[in-house]
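Visitor: got a predicted structure plus its sequence, pasted below:
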Amino acid sequence: GAVVSQHPSRVICKSGTSVKIECRSLDFQATTMFWYRQFPKQSLMLMATSNEGSKATYEQGVEKDKFLINHASLTLSTLTVTSAHPEDSSFYICSALVGIWTDTQYFGPGTRLTVL
Amino acid sequence: QKEVEQNSGPLSVPEGAIASLNCTYSDRGSQSFFWYRQYSGKSPELIMFIYSNGDKEDGRFTAQLNKASQYVSLLIRDSQPSDSATYLCAVDTMNRDDKIIFGKGTRLHILP
């Protein structure tokens, strides 16, 4: 149980394009999902908390107009990197809480974004 | 003081020995503690969580929590080469709206 999927696993795009990453909870409903980014040999950096049916809560320094998050259902959250630039190249990972009375996170497999 | 601190390593341990990974945290109000394993290029995978002082065992893994010393550790018995990975300690923190804060991770290398 507690399987989280992400799609796509890898994406290469040109500078200026927008990229959408999907995060799905496959065998449970996730009221809360999180989006992280991770640079090589660095730790996870929380970007935002995504709650179903409400606006995402962004961490300080994360541009909400650049990283659009939509959590329209209990099994799907999406992250759209708008007008991507080379500095946005990173490993983006989502995670989900199983239920509302837990703080145990299960991670998706991640999406490696390369912006040329 | 950083919220969650780990030695970055690498920690080299001979195959079959016990690997000991340590983590300290700054928020005395923390209640939930997690260990994740992350292989290079992959996302983190939950190994164990612990909420109460003392030891919690799961197979070859034992998590140890000492809230008085603000210290949580992970022991891996009978280390295998497949245990070579980065181990992330994660702690909830009341100071940050109960968010889970991750340490930078300790790289563990099991020597065959």
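Guide: Perfect, thanks for sending it.
Visitor: quick check: closest non-adjacent residue to the most centrally placed residue in chain A.
Guide: Chain A has A:Trp35 as the residue nearest its centroid, 3.5 Å off, counting by Cα atoms, centre = their mean. Nearest non-adjacent residue to A:Trp35, counting by Cβ to Cβ, 6 or more residues apart in numbering or on different chains: A:Met47, 4.6 Å away. For the C-beta atoms, the positions are set from N, CA and C on the backbone; glycine is no exception.
Visitor: strands paired with the helix or strand containing that neighbour, and their directions?
Guide: Secondary structure assigned from DSSP states H and E places A:Met47 in strand A:45-51. Strand A:45-51 pairs in its sheet with strand A:32-38 (antiparallel), strand A:57-58 (antiparallel), by DSSP bridges.
Visitor: which of those strands is buried the deepest?
Guide: strand A:32-38 (a mean of 23; mean count of other Cβ atoms under 10 Å in any protein chain shown).
Visitor: contacts only, for the residue of chain A most remote from its centre.
Guide: Ranked by distance from the centre of chain A (Cα atoms, centre = their mean), the top residue is A:Trp101, with 21.5 Å. By Cβ atoms under 8 Å, 6 or more residues apart in numbering or on different chains, no residues touch A:Trp101.
Visitor: show me where pLDDT drops low in the chain?
Guide: Just so you know, I chose chain A. A:1, A:100 (pLDDT under 70).
Visitor: if you could check chain B rather than the one you did, that'd help
Guide: Along chain B, segments meeting pLDDT under 70 span B:1, B:94-98.
Visitor: near chain A, anything from the longest strand belonging to chain B?
Guide: Counting residues, the longest strand in chain B under DSSP state E turns out to be strand B:85-93. Yes: Strand B:85-93 reaches chain A (Cβ under 8 Å from any Cβ of the partner chain) through B:88, B:90, B:92.
Visitor: now those in a markdown table, with neighbour count?
Guide: Output for these, formatted as a markdown table (neighbours: other Cβ atoms under 10 Å in any protein chain shown):
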| residue | neighbour count |
| --- | --- |
| B:Leu88 | 25 |
| B:Ala90 | 26 |
| B:Asp92 | 20 |
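Visitor: what's the burial count for A:Lys82?
Guide: Check again: residue A:82 is Thr, not Lys. Neighbours of A:Thr82 under the rule other Cβ atoms under 10 Å in any protein chain shown: 15.
Visitor: which residue sits closest to it, ignoring its sequence neighbours?
Guide: A:Ser18 (4.8 Å).
Visitor: A:Ser5 now?
Guide: In this structure, A:Ser5 finds its nearest non-sequential neighbour in A:Arg24, 4.9 Å apart by Cβ to Cβ, 6+ apart.
Visitor: residue 72: what's it in contact with?
Guide: I went with chain A, as the question did not name one. Listed by Cβ under 8 Å, 6+ apart, the contact partners of A:Ala72 are A:52-53, A:78.
Visitor: should've been chain B
Guide: Contacts here follow Cβ under 8 Å, 6+ apart; on that basis B:Val72 touches B:22-25, B:33, B:35, B:50, B:63-66, B:89, B:91.
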